[in-house]
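1. need a structure here:
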Amino acid sequence: MNNKHTHWENVYQTKASDAVSWYCEHLAKSLELIKQSVSSNAASIIDVGGGHATLVDDLLDEGFTNISVLDISATAIDTSKKRLGDRASQVAWLVGDITNIALPAQQYDVWHDRAVFHFLTEREQRGAYVKQVARSVKLGGYVIVATFAKDGPAKCSGLDVVRYDADTLHGEFDTRFELIGSATELHQTPFNTTQQFLYCYCKVAI
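-> Residues are numbered from 1 along each chain as shown. Take a look at the predicted model:
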């Protein structure tokens with residue numbers, strides 16, 4: 001974890017929230033998929049790699065009451081807490097590497113990840129990630145993973161990434177995960193460039 005941890009701490013200690021390429025004021029597609037996945041605002045939702053992202057703000061605005069945000073960078077988590085002020089106490093904050101952090105079993109109704117999975121360039125890392133999902137998401141729960149699409153960048157934040165289409169991304173998961181749908185999104189970066197993202201939306205088989 002040390003090299004990854006050091007890298008991301010450096011990123012979040014030296015760059016403003018809106019000065020990273022993946023910044024988006026509102027993650028509209030993510031919020032749309034989360035809202036269509038649940039029937040109650042009490043649903044348990046985890047945002048993996050939440051970092052500086054404002055998804056947690058929008059979930060709170062929508063009345064969701066059981067939100068967890070995980071990031072490898074304590075600095076990123078602290079920044080989000082400060083932004084939320086008193087509302088930060090309504091969120092469960094987790095700091096750790098998603099490939100090895102201990103998460104509770106059968107805990108989450110929705111697993112959301114925008115721009116973490118594509119950094120897992122080693123097969124062992126991806127396998128560990130999928131095991132985390134299978135263990136911690138409830139049967140019948142939903143998994144939303146967004147990565148760079150085939151036309152997306154080959155690197156991000158100085159690191160290599162893996163680019164996917166719907167078949168190859170879903171292929172990283174096993175038969176316990178039913179693909180419900182997928183969509184591409186053209187993300188406008190703060191630097192007036194574009195990045196193509198792919199969203200895959202799955203359900204954990206009962």
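2. once you drop chain neighbours, what's closest to T175?
-> Spatial nearest neighbour of T175, chain neighbours left out: A205 (7.3 Å); criterion: C-beta to C-beta, 6 or more residues apart in numbering. Just so you know, the C-beta spots here come from the backbone N, C-alpha and C atoms, and that holds for glycine as well.
3. so who does that neighbour touch?
-> With contact set as C-beta atoms under 8 Å, 6 or more residues apart in numbering, A205 has these partners: L139, T175, R176, F177, E178.
4. go on, D109?
-> S37, V38, A43, S44, I45, V137, K138, G141, Y142.
5. now do the same for it: helix, strand or coil?
-> Per DSSP: H, G, I helix; E, B strand; the rest coil, the local secondary structure of D109 is strand.
6. now, the contacts of D109 that are in strands?
-> Residues of the contacts of D109 located in strands (DSSP state E): I45, V137, K138, G141, Y142.
7. number of nearby residues for the fourth one?
-> Look at G141: counted by other C-beta atoms under 10 Å, it has 23 neighbours.
8. pretty sure it sits against Q107.
-> No - at 9.2 Å, G141 does not count as touching Q107 under the criterion of C-beta atoms under 8 Å.
9. any idea how far S30 is from E62?
-> 12 Å (C-beta to C-beta, to the nearest Å).
10. more crowded one of these two?
-> Neighbour tally, E62 and S30, criterion other C-beta under 10 Å: the higher count belongs to S30, 22 against 11.
11. ok so, going back, any chance of the ones in strands among the contacts of D109 in a markdown table, plus pLDDT?
-> Output for the ones in strands among the contacts of D109, formatted as a markdown table (pLDDT from 0 to 100):
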| residue | pLDDT |
| --- | --- |
| I45 | 98 |
| V137 | 98 |
| K138 | 98 |
| G141 | 98 |
| Y142 | 98 |
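12. so which of the residues you listed is the closest to K4?
-> V137 (23.1 Å; C-beta to C-beta).
13. residues contacting the closest one?
-> Q106, Q107, Y108, D109, V110, W111, V143, V204.
14. are any of those buried, and if so which?
-> Q107, Y108, D109, V110, W111, V143, V204 (16 or more other C-beta atoms under 10 Å).
15. which of the contacts of A205 tops the neighbour count?
-> Going by other C-beta under 10 Å, F177 tops the contacts of A205 with 21 neighbours.
16. nearest to P153 among the contacts of A205?
-> F177 (25.9 Å).
17. tell me which stretches of the chain form strands.
-> Going by DSSP E, the chain shows strands at 45-48, 67-71, 91-95, 108-114, 137-148, 155-156, 159-160, 177-188, 194-204.
18. could you dump those strands to JSON lines with distance to L120?
-> Converted to JSON lines, these look like this (distance: least, C-beta to C-beta, whole Å):
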{"stretch": "strand 45-48", "distance to L120": "11"}
{"stretch": "strand 67-71", "distance to L120": "15"}
{"stretch": "strand 91-95", "distance to L120": "18"}
{"stretch": "strand 108-114", "distance to L120": "10"}
{"stretch": "strand 137-148", "distance to L120": "9"}
{"stretch": "strand 155-156", "distance to L120": "13"}
{"stretch": "strand 159-160", "distance to L120": "11"}
{"stretch": "strand 177-188", "distance to L120": "16"}
{"stretch": "strand 194-204", "distance to L120": "14"}
